[in-house]
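Visitor: compute the structure for the input listed below.
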Amino acid sequence: MKKVLKYVLYDILRNRFVIAYTLLLLLISLAFFGFEVNPGKGVISLLNINLIVVPLVSIIFASTHFYNSYEFLELLASQPLSRKTIFFSQYLGVSISLLMAFLIGVGLPVLVYEGTITGFRLVLTGSILTLIFVSLAFLSAVITRDKAKGMGLALAIWFYFSVVYDGLVLSIFLNFSDYPMEKATVLFSLLNPIDLARILVLIKMDVSALMGITGAVFQSFFGSASGLAVSLTALIVWFISPVLVAFSKFNKKDL
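Guide: Below is the predicted model:
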């Protein structure tokens, strides 16, 4: 597996898109911190990049790479290699490459300008979101052999978590406004990794009051040690579950 992973990783790291993605994140991060006197405002600006751009790039690049590597996967399948080696060498290669791009582009500037617990949470949640959406990308790519359908499914997944989910939750709150829904917001947050990442960073910046009445609930739950443990566990589940399902399907798939 090491030899296959090394080849995949070397091939991806030479990809111009990955290099451009790294440089773009680095330039944006330096610009945000350079133009803001208060580093905290730079963190808030980078949070938007974490929640929108990072998941989008991760799911699109991972899906594209999987489909473009299909002939290579077929070649590997004809060799005395297990499906586990083939699948996870691809998955780890993409994940490590995008994770390195994020850590260089965002992690290093945050470490220099805002090396606090808030900055650490920003980098941690961005890293986990990268892994989560790579996992979701591989799942969508394994589900269908058709590249157009697979890319469409990947975009639909990103759009759902980034836009549609918040609209659905808001409509639920409006329809059940006569009932106490504050505690339910905690459960809804755990069901969306992007919302969960947003809350984990904002809570540490003491801006929960901007979230309205539910801000106190968020502060009480996510601000505690047990709440943090539950949140990180939920993010890990979001990261591991899709890739395990994807591997299960890939293992039975006729290449």
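Visitor: immediately after the lowest-mean-pLDDT helix or strand in the chain, which helix or strand?
Guide: Using mean pLDDT, DSSP states H and E, the weakest-scoring helix or strand in the chain turns out to be helix 214-222, at a mean of 61. On the C-terminal side of helix 214-222, the nearest following helix or strand under DSSP states H and E is helix 225-252.
Visitor: buried ones in that next one?
Guide: Residues 227-228, 230-231, 234-235, 238-239, 242-243, 246-247, 250 are the ones in helix 225-252 that count as buried (16 or more other Cβ atoms under 10 Å). Yep, even glycine has a C-beta here, placed from its N, CA and C like the rest.
Visitor: what of stretch 57-77?
Guide: 57-67, 69, 73, 76.
Visitor: so, low pLDDT: which residues of the protein?
Guide: 1, 177-183, 206-223, 254-255 (pLDDT under 70).
Visitor: what segments of it are strands?
Guide: Along the chain, no stretch is classed among the strands by DSSP state E.
Visitor: which parts of it are helices?
Guide: 2-13, 16-35, 39-48, 54-68, 70-77, 83-102, 108-113, 117-143, 147-159, 165-175, 182-190, 193-204, 214-222, 225-252 (DSSP state H).
Visitor: the first one vs helix 70-77, what angle?
Guide: When you say that, I think you mean helix 2-13. Helix 2-13 and helix 70-77 are oriented at 170 degrees to each other (axes from the mean of the first three to the mean of the last three Cα atoms, to 10 degrees).
Visitor: how far does helix 2-13 sit from the chain's center?
Guide: Offset of helix 2-13 from its chain centre (Cα atoms, centre = their mean, to the nearest Å): 22 Å.
Visitor: okay, buried residues for it please.
Guide: Neighbour counts over helix 2-13 (16+ other Cβ under 10 Å) mark Val4, Leu5, Val8, Leu9, Ile12 as buried.
Visitor: which one of those residues is nearest to Leu27?
Guide: Leu27 has its nearest neighbour among the buried residues of helix 2-13 in Ile12, at 21.1 Å by Cβ to Cβ.
Visitor: what count of nearby residues applies to the closest residue to the closest one other than its chain neighbours?
Guide: Using Cβ to Cβ, 6 or more residues apart in numbering and skipping the chain neighbours, the partner closest in space to Ile12 is Ser97 (4.2 Å). Neighbours of Ser97 under the rule other Cβ atoms under 10 Å: 26.
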